[in-house]
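*Asks:* Here is a sequence together with a model predicted from it:
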Amino acid sequence: MHALQFTAETSSGGVLERDFTVGEIPGVLWSPAPAPASTSGRPAPLVLMGHGGGTHKKWPAMPGRAHRIVHGCGFHVACIDAPGHGGRPRTPYDEQEIAALYRAREAGEPEGPIVVRYNADLAERAVPEWQATLDALQTLPEIGADGPVGYYGLNMATAIGVPLTAAEPRITAAVLGLHWPDALAAPARRITVPVQFHLQWDDEHIPREAGLALFDAFASAEKTLHANAGRHKEHPRFEADSAARFFARHLTRSVPAPAVN
């Protein structure tokens, strides 16, 4: 197992941000400031957060969502760069699929088949990386080996998060959505933990019926559908607050849900 190495640290607005590496995997960990929870002897829950396609671990939406969870719940949030994203090198296959996506976009052709195929390949590479990262993060005393773990990821991060949640028993709650069911329905049927699922009702890329089919596939006894009017990139920011409340409910009963202004 690769050890976790912190490479940079900043603190702002009550949130401690620490860059780290686990082997060749770069990541960032957001925690309550001024110091990790270990100083009080109380490890805090951890939320693993994935980023969307073509972005990276510090894309503006990532720290924004992380800060809501840190402030509202007192939890830790970790995000890593997916293969071929951020500062990570692309393989020839990455370059091939990205070029195919751009060609389809310029020609006005459907992007879904390419995205589904490429994201399935990324998931095969990313799931073991997330598991290695979780192993390393749980060696930190402020997180611990037995604490609750959640997963939060939309779009490409759902393509990674569904097979990760299906394979990883340490994940006990997940927020997912905005993806096709093609490669994900089978692993979704193995997921029984609470799920909050997000869907854009007027999504121009993912047909409404496709999003509903993926939601229906989850075997969870407790699953909630959050459907909002709007196109694919019009996912409301307030849903980050509902995700924080979801994790507050399911990762610990003793942490109050964050207030919504």
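*Replies:* Cool, the structure landed.
*Asks:* do you know how far Thr139 is from Val22?
*Replies:* According to Cβ to Cβ, to the nearest Å, Thr139 stands 10 Å off from Val22. Every residue, glycine included, has its C-beta placed from N, CA and C.
*Asks:* The two - which one has more neighbours?
*Replies:* Using other Cβ atoms under 10 Å, the more surrounded residue of Thr139 and Val22 is Val22, with 21 against 12.
*Asks:* Can you check which residues contact both of Thr139 and Val22?
*Replies:* Ala3, Leu4 (Cβ atoms under 8 Å, 6 or more residues apart in numbering).
*Asks:* does Leu4 really touch Thr139, like I thought?
*Replies:* Yes: using Cβ atoms under 8 Å, Leu4 is in contact with Thr139, at 6.7 Å.
*Asks:* Could you give the average pLDDT over the helix or strand containing Arg125?
*Replies:* Element membership for Arg125 (DSSP states H and E) is helix 112-137. Averaged over helix 112-137, pLDDT sits at 98.
*Asks:* Kindly report the same for stretch 26-41.
*Replies:* 75.
*Asks:* what's the helix or strand for Thr139?
*Replies:* Per DSSP H and E, there is no helix or strand for Thr139.
*Asks:* If you could redo that for Glu17, that was the one I meant.
*Replies:* Assigned by DSSP H and E, Glu17 falls in strand 15-22.
*Asks:* And for that strand, what's in contact with it?
*Replies:* With Cβ under 8 Å, 6+ apart as the criterion, strand 15-22 contacts 2-11, 26-36, 63, 66-67, 70-71, 80, 129, 132-133, 136.
*Asks:* Now do the same for the residue nearest to Pro194 when sequence neighbours are not counted: its pLDDT.
*Replies:* Closest residue in space to Pro194, ignoring its immediate chain neighbours: Glu222 at 4.3 Å, by Cβ to Cβ, 6 or more residues apart in numbering. pLDDT, Glu222: 97.
*Asks:* could you give the angle of the strand holding Glu17 to helix 112-137?
*Replies:* 100 degrees (axes from the mean of the first three to the mean of the last three Cα atoms, to 10 degrees).
*Asks:* In this structure Leu140 contacts Leu4, no?
*Replies:* Yes: applying Cβ under 8 Å, one finds Leu140 in contact with Leu4, separated by 7.1 Å.
*Asks:* Now for the residue nearest to Pro194, how many residues are close by?
*Replies:* 13.
*Asks:* Quick check: which helices or strands does the helix or strand that contains Glu9 pack against?
*Replies:* Using DSSP H and E, the element containing Glu9 is strand 4-12. Helices and strands touching strand 4-12, by 3 or more Cβ pairs under 8 Å, 6 or more residues apart in numbering; DSSP states H and E, are strand 15-22, helix 112-137.
*Asks:* Please give the centre-to-centre distance between that strand and its chain.
*Replies:* 20 Å (Cα atoms, centre = their mean, to the nearest Å).
*Asks:* Any chance you could list what contacts that strand?
*Replies:* With Cβ under 8 Å, 6+ apart as the criterion, strand 4-12 contacts 16-22, 33-34, 133, 136-137, 139-140.
*Asks:* In CSV, list the C-alpha atoms belonging to that strand.
*Replies:* Extracted in CSV, the C-alpha atoms of strand 4-12 (Å, rounded to 0.1, in the frame of the first residue of the first chain):
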residue,chain,number,x,y,z
LEU,A,4,-0.3,9.2,1.9
GLN,A,5,2.1,12.2,1.5
PHE,A,6,0.9,15.7,2.2
THR,A,7,2.5,18.2,-0.3
ALA,A,8,0.8,21.5,0.5
GLU,A,9,-1.5,23.1,3.1
THR,A,10,-3.6,26.2,3.3
SER,A,11,-6.4,27.3,5.6
SER,A,12,-9.2,29.7,4.8
